[in-house]
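Sequence and predicted structure are below.
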2 protein chains.
Amino acid sequence: MEPELIGRKALAVNLSDVAAMAGIPRAAFVSLALPKSGGQALAEQIFHGLQSLAEEFEVVVAGGDTNTWNGPLVINITLLGEPTARGTVFRGGARAGDQIVVTGSLGGSLAGRHLSFTPRVSEALALHAAVDLHSMIDLSDGLGTDLGHVLRASGVGAVINADALPIHCDVDRGLSPEQRIDHALGDGEDFELLFTVSPHDARQLLTATPIDAPLSLIGEITSADGLVIRRANGREEPIRLAGWQHEFDG
Amino acid sequence: MEPELIGRKALAVNLSDVAAMAGIPRAAFVSLALPKSGGQALAEQIFHGLQSLAEEFEVVVAGGDTNTWNGPLVINITLLGEPTARGTVFRGGARAGDQIVVTGSLGGSLAGRHLSFTPRVSEALALHAAVDLHSMIDLSDGLGTDLGHVLRASGVGAVINADALPIHCDVDRGLSPEQRIDHALGDGEDFELLFTVSPHDARQLLTATPIDAPLSLIGEITSADGLVIRRANGREEPIRLAGWQHEFDG
């Protein structure tokens, strides 16, 4: 990978996290552990990629730390954001009857756009200003996993309509419809927003959308436990809420 | 090293940095890259050590990130501090004629106390409240190097009286006096404060010290370039201001 894109992505995923709470990103603290050989040139390239995205989002790189070591490259970014007057949006506010909406389209991100995506900061703020967002998350680990976080935090369940999923054109068109849906559900690194709103607010958003990105109504929050996917033939299948686990061996 | 002490030190060095600016530490963001094998237990121990120091200094661990990888342990902490009403103290404010003062004693820290030192947060605040601190730094890389940072940032020089250096009892007593002084000047990781004040304020501090730690007047800021050490026999030797360099090979 190009170091500029690594630096860009390191900041972009943090911007996406702030977007997921409808926050305004303000200040980044960037720390690098650099390999001793070639570290200085690498640091400059990483910073260059990071800085252009920071400028785009009016984020100040306000500090951090730089070290060298005999290990591989490590980047850590702490990004501080500020809530708007409407407050912060959390994962835990989904209510039975809410409509589930996603921005953009899903799947196949690792083919390339995971390095170049534009975090949905302005979209989140525009949505937050337009309607009452009950819950929101950014799709980093895959829709199934990330929606699972919302459901657990909110103590609710959900039904997703497979046919309603906006499948990205990066997902291989040679696959079967079911396989393509699985990619949209599981690939991860889409960095789109998933949020839940009342049916009234969902209708309002879909008839007069306040953002440029597409919005798709993909399902509904239920009072039942768990996440169910409704296939095109009407069949409903439970999706195991694996959740993202730290990969500890012991 | 014990993981608790690693976690403690990771926060302590950051607290020392905030102390060096006479700031009040407020919130820490802690990120870990953990080895996959045994990572979870390691994380808990590190956090335990860190958390007890955070509580001692009323610092909130407000966020961070945890990952696992096939690499060695990495800890990064971003610590946010707040200035008092008297403002922030910088490295660049030393003036010719200032007296140079250090807290505590120097050298031999790597024998053990680099893991267990108490950062001089309350001392820095008490000094800042009592007198007009022209410049301040914490001694992490060794007095010679860190005073060098102050001199360069302030555009001044300094004379240090070798006999006035408070040598820590951790420095081997079997060494020659000159060797012991070299340890006090160069060992690093003392995490004491070095600051410069007017002669009037220096006298005030030494007659009615506002802190429990010892204060030593070790020298004077000059308008000449460079750092000079005055030996017991009156001989003056320049000290090369190496400065801390990132160890890049290429």
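Here it is on my side, so go on.

so does the biggest strand by length in chain A get close to chain B?
For chain A, the longest strand by residue count, based on DSSP state E, is strand A:23-35. Yes: residues of strand A:23-35 are located near chain B by C-beta under 8 Å from any C-beta of the partner chain, namely A:29, A:31, A:33, A:34. Every residue, glycine included, has its C-beta placed from N, CA and C.

Mind giving me the PyMOL select for these, buried ones only?
Applying 16 or more other C-beta atoms under 10 Å in any protein chain shown to these, the buried members can be selected in PyMOL as follows:
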select buried, chain A and resi 29+31+33+34
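
Tabulate the residues of strand A:23-35 next to chain B (TSV), appending pLDDT and distance to residue A:212.
Output for the residues of strand A:23-35 next to chain B, formatted as TSV (pLDDT from 0 to 100; distance: C-beta to C-beta, whole Å):
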residue	pLDDT	distance to residue A:212
A:29	97	31
A:31	96	34
A:33	95	38
A:34	96	38
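
of the residues of strand A:23-35 next to chain B, closest to residue A:198?
Nearest to residue A:198 among the residues of strand A:23-35 next to chain B, counting by C-beta to C-beta, is residue A:29 at 37.5 Å.

Can you tell me who residue A:157 pairs with across the strands?
As for beta bridges, residue A:157 partners with residue A:222 under DSSP bridges.

where does chain A dip in pLDDT?
Along chain A, the model assigns pLDDT under 70 to residues A:241-250.

Quick one: the helices in it, in order.
Remark: helices assigned in chain A by DSSP state H are A:3-20, A:39-56, A:121-130, A:143-154, A:177-186, A:199-207.

Next, the angle helix A:121-130 makes with the first one.
When you say that, I think you mean helix A:3-20. Interaxial angle, helix A:3-20 versus helix A:121-130 (axes from the mean of the first three to the mean of the last three C-alpha atoms, to 10 degrees): 10 degrees.

can you tell if helix A:3-20 touches chain B?
No: judged by C-beta under 8 Å from any C-beta, helix A:3-20 stays clear of chain B, getting no closer than 9.1 Å.

Can you name every helix or strand that that helix contacts?
strand A:23-35, helix A:39-56, strand A:74-83, helix A:121-130, strand A:135-138 (3 or more C-beta pairs under 8 Å, 6 or more residues apart in numbering or on different chains; DSSP states H and E).

which parts of chain A sit against chain B?
Counting by C-beta under 8 Å from any C-beta, chain A comes close to chain B at A:29, A:31, A:33-34, A:36-40, A:63-68, A:71-72, A:74, A:76, A:78, A:246-250.

Separate out the buried members of the residues you listed.
Of the members of these, the ones counted as buried by neighbours, 16+ other C-beta under 10 Å, are A:29, A:31, A:33-34, A:39-40, A:64-65, A:68, A:71, A:74, A:76, A:78, A:248.

From the centre of chain A, give me the residue that's furthest out.
Distance from the C-alpha centroid of chain A peaks at residue A:37, with 34.2 Å (C-alpha atoms, centre = their mean).

related to what we said a few turns ago, which pair in the buried ones among the residues of chain A next to chain B spans the largest distance?
Pairwise across those, and taking C-beta to C-beta, the largest span is found between A:40 and A:248, at 34.2 Å.

what's the burial count for residue A:174?
Using other C-beta atoms under 10 Å in any protein chain shown, residue A:174 has 7 other residues around it.

Could you check how far the nearest residue to residue A:99 once chain neighbours are set aside is from residue A:217?
Take residue A:99 and drop its neighbours on the chain: the residue closest to it by C-beta to C-beta, 6 or more residues apart in numbering or on different chains is residue A:202, 3.6 Å away. From residue A:202 over to residue A:217 the distance is 6 Å, taken as C-beta to C-beta, to the nearest Å.

Also residue A:16?
From residue A:16 across to residue A:217, the span is 21 Å (C-beta to C-beta).

For these two, indicate the residue with more neighbours.
Neighbour totals were compared for residue A:16 and residue A:217, and residue A:16 leads with 26 against 17 (other C-beta under 10 Å).

which ones are touching the more buried one?
Counting by C-beta atoms under 8 Å, 6 or more residues apart in numbering or on different chains, residue A:16 touches A:117, A:119, A:120, A:121, A:138, A:140, A:191.

roughly how far apart are it and residue A:189?
10 Å.

cool, residue A:107 as well?
Remark: distance between residue A:107 and residue A:189 (C-beta to C-beta) = 10 Å.

More neighbours: which of those two?
A direct count of neighbours by other C-beta under 10 Å for residue A:107 and residue A:189 places residue A:107 higher, at 28 against 19.

so which of the helices and strands packed on helix A:3-20 comes closest to residue A:210?
Going by C-beta to C-beta, the one of these nearest residue A:210 is helix A:121-130, 4.2 Å.

Okay, buried residues for that closest one please.
By neighbour count on 16+ other C-beta under 10 Å, the buried set for helix A:121-130 is A:121, A:123, A:124, A:125, A:126, A:127, A:128, A:130.

Excluding chain neighbours, what is closest to the last one?
So the one you mean is residue A:130. Spatial nearest neighbour of residue A:130, chain neighbours left out: residue A:210 (4.2 Å); criterion: C-beta to C-beta, 6+ apart.

check contacts around the one you found.
Going by C-beta under 8 Å, 6+ apart, residue A:210 touches A:126, A:127, A:129, A:130.

still on that earlier bit, which one of the buried residues of helix A:121-130 is nearest to residue A:161?
Using C-beta to C-beta, residue A:127 comes nearest to residue A:161 of the buried residues of helix A:121-130, at 20.9 Å.

give me every residue that touches that closest one.
Contacts of residue A:127 (C-beta under 8 Å, 6+ apart): A:22, A:133, A:193, A:195, A:205, A:210, A:211.

Out of the residues you listed, grab the one that's most surrounded.
Busiest of those [other C-beta under 10 Å] is residue A:195, holding 30 neighbours.

Roughly how far does residue A:133 sit from residue A:13?
Residue A:133 sits at a distance of 21 Å from residue A:13 (criterion: C-beta to C-beta).

Sort out which residues of stretch A:173-188 are buried, please.
A:180, A:181, A:182, A:183, A:184, A:185, A:186, A:187, A:188.

and what of stretch A:81-99?
Neighbour-count burial for stretch A:81-99 flags A:81, A:89, A:90, A:91, A:93, A:94, A:98, A:99 (criterion: 16+ other C-beta under 10 Å).

Now render those as a markdown table, adding distance to residue A:53.
What follows is these, written out as a markdown table (distance: C-beta to C-beta, whole Å):
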| residue | distance to residue A:53 |
| --- | --- |
| A:81 | 15 |
| A:89 | 23 |
| A:90 | 25 |
| A:91 | 25 |
| A:93 | 29 |
| A:94 | 30 |
| A:98 | 32 |
| A:99 | 32 |
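
Counting only strands, which of these make the cut?
Reading strands off the buried residues of stretch A:81-99 with DSSP E, I get A:81, A:99.

what's the farthest-apart pair in the buried residues of stretch A:81-99?
Taking C-beta to C-beta as the measure, the buried residues of stretch A:81-99 span a maximum distance of 26.0 Å, between A:81 and A:99.
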